[in-house]
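> sequence first, predicted model second:
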Protein chains: 2
Amino acid sequence: MPSEPAPTPVAPDSALHLDAARPSRREQILRAAAQLFAERGSRAVGVDDIGAAVGVTGPAIYRHFASKDAVLAEMLLRISERLLAGGRATVAAAGDDPAAQLAALVAFQVDFALDNPSLITVQDRDLGQLGDSDAAQVRRLQRRYVEEWVAVIGRLDPAAGTRTCRARAHAVFGLINSTPHSAGQLPRAQMADLLTGMAVAAASSGVRPTSS
Amino acid sequence: MPSEPAPTPVAPDSALHLDAARPSRREQILRAAAQLFAERGSRAVGVDDIGAAVGVTGPAIYRHFASKDAVLAEMLLRISERLLAGGRATVAAAGDDPAAQLAALVAFQVDFALDNPSLITVQDRDLGQLGDSDAAQVRRLQRRYVEEWVAVIGRLDPAAGTRTCRARAHAVFGLINSTPHSAGQLPRAQMADLLTGMAVAAASSGVRPTSS
DNA sequence: ACCGTAGGTTAACCACGGTTCACTTGGGGC
DNA sequence: GCCCCAAGTGAACCGTGGTTAACCTACGGT
């Protein structure tokens, strides 16, 4: 292993950085748990299963997390934070044209869904298993991400009310997040194109093309 | 209560008919369980909860079902059967025009989703909790229903491969089945129109309008 | 060389929840 | 009127699984 001068012993705020290279045990656990949770649902997965998936025994988990629920909580919090931050950055980078902003958001969500099918599955299946406090925070983050979409869709179709835009946004999420169900049907690039096209078409349905 | 000559004591094949009027305890249990399962997930709902929801104690459930899993199994089997049968009938009644068939299928699924948000939620969240045999049967039924869609989409866009059509079908399901997430955003009729429009637009995206 | 500590291990603990049991009861058919 | 059975009830049983405890073992820093 390459010389690492002094890798900041443990970095107490490790909650956010994912050291993609040599993942810490903590990261390994989160990854493995995500996959297991996606396959069977968090309640059906035992701590022993998680441990086994990373090559340790069940109770070893408690050296890294306060409880099994804490694993799920951190997982869902990270997802929501990544989506919100990514969504905002995406819109900001897309210029002023609402259509371009929508296309960018769609591309962003499609990429995320194709790269993280497990997280997508867990997010909307196991949110209810979280404690009240964690669940509330995740929902807050999700809501803000949704509002990002609502704003863009609203600018694209100023005639539509907020409720309509919100329903439209949820529908588009449902469409894009269907990827876990159509697992290996198509190569990734093709799937991405297909979903992007469908999502844009759906989001813009009923919207007359702007003046231009 | 109106005179009922001889209502066939218990009807041993009660699995399919839902006596909407004065639902049998069995039906009540299925309904209540569906709602509870949708809210919290089947593993998080105890038999006591189900019992309480219909005004009896937990163990009373076992007078009507062999196990808690059997409740879930029958629930999911019924849904899949209803969808498959309904889907086939819908296509058959829609004439020969693929576009009309698609519109009919979409309308059918939208109605189902809006009328049974709990079932929609349970179906794709708790399928994994079923025993192997039941799960396999449900999946068989679901697959056949999907193939109904695939066939229609394929006729609509003969250039597309089966894989593509399947992915498109799943995406449309995801779109329509998003209703549980956008709960009371819009009045039902408006939501139906919105979803129908979006679903048709999505399903037809990339398809050049036929000759006419 | 010597600790302290991070990270494991195994065994035990304990609560929860599905299931079974023994026992009631109210209503229909003979 | 009597008997039987469907449908409940409360108590007990017991497996599963999250969590804790007590103990071990490498390292990395002094």
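Thanks, I have the structure now. Predicted model only: the values in this text are computed from it and were never measured.

> can we go C-alpha only for contacts and neighbour counts from here?
OK.

> and chain A, which of its residues are near DNA strand C?
A:Arg25, A:Gly55, A:Val56, A:Thr57, A:Gly58, A:Pro59, A:Ala60, A:Ile61, A:Arg63, A:His64 (Cα under 7 Å from any atom of the strand).

> who's in contact with A:Ala167?
By Cα atoms under 8 Å, 6 or more residues apart in numbering or on different chains, the residues touching A:Ala167 are B:Ser182, B:Gln185, B:Leu186, B:Met191.

> one step back: which one among the residues of chain A next to DNA strand C sits at the bottom for pLDDT?
pLDDT is lowest at A:Gly58 among those; the value there is 92.

> check contacts around A:Asp126.
Here A:Asp126 is in contact with A:Gly41, A:Ser42 (Cα under 8 Å, 6+ apart).

> actually, A:Gly174.
Contacts of A:Gly174 were listed using Cα under 8 Å, 6+ apart, and they are B:Ala171, B:Gly174, B:Leu175, B:Ile176, B:Asn177, B:Ser178.

> out of these, which sit inside helices?
With DSSP state H as the criterion, helices contain B:Ala171, B:Gly174, B:Leu175, B:Ile176 from among these.

> go through these and name the one nearest DNA strand C.
Checking the ones in helices among the contacts of A:Gly174 against DNA strand C by Cα to the nearest atom of the strand gives B:Gly174 as the nearest, at 28.8 Å.

> for B:Ala94, see how far away the closest one is.
In this view, B:Gly174 and B:Ala94 are 23 Å apart by Cα to Cα, to the nearest Å.

> then A:Ala171?
25 Å.

> check contacts around the nearest residue to A:Ile50 once chain neighbours are set aside.
In this structure, A:Ile50 finds its nearest non-sequential neighbour in A:Ala33, 5.8 Å apart by Cα to Cα, 6 or more residues apart in numbering or on different chains. A:Ala33 makes contact with A:Ile50, A:Val71, A:Leu72, according to Cα under 8 Å, 6+ apart.

> name the element A:Ala33 belongs to?
According to DSSP states H and E, A:Ala33 maps onto helix A:25-40.

> which bits of chain A sit near DNA strand D?
Applying Cα under 7 Å from any atom of the strand, we find that chain A lies next to DNA strand D at A:6, A:43-48, A:58-59, A:62, A:66-69.

> so which of the residues you listed is the most crowded?
The residue in these with the most neighbours, by other Cα atoms under 10 Å in any protein chain shown, is A:Val47 (19 neighbours).

> isn't that one right up against A:Ile61?
Yes - the pair A:Val47 / A:Ile61 is scored as a contact, 7.2 Å apart, by Cα atoms under 8 Å.

> residues in contact with both of these two, list them for me.
A:Lys68.

> ok, A:Ala171 and B:Ala94, which is more surrounded?
When A:Ala171 and B:Ala94 are compared for neighbours, A:Ala171 comes out ahead with 29 against 16, by other Cα under 10 Å.

> how close does that one get to A:Ala201?
For A:Ala171, the distance to A:Ala201 - Cα to Cα - is 12 Å.

> again, but for A:Gly55
Distance, A:Gly55 to A:Ala201, using Cα to Cα: 46 Å.

> and A:Pro180, what does it touch?
Contact partners of A:Pro180, counting by Cα under 8 Å, 6+ apart, are A:Pro117, A:Ser118, A:Ile120, A:Thr121.

> what number of residues lie near A:Ala70?
16.

> mind listing which of the residues of chain A next to DNA strand C are in helices?
A:Arg25.
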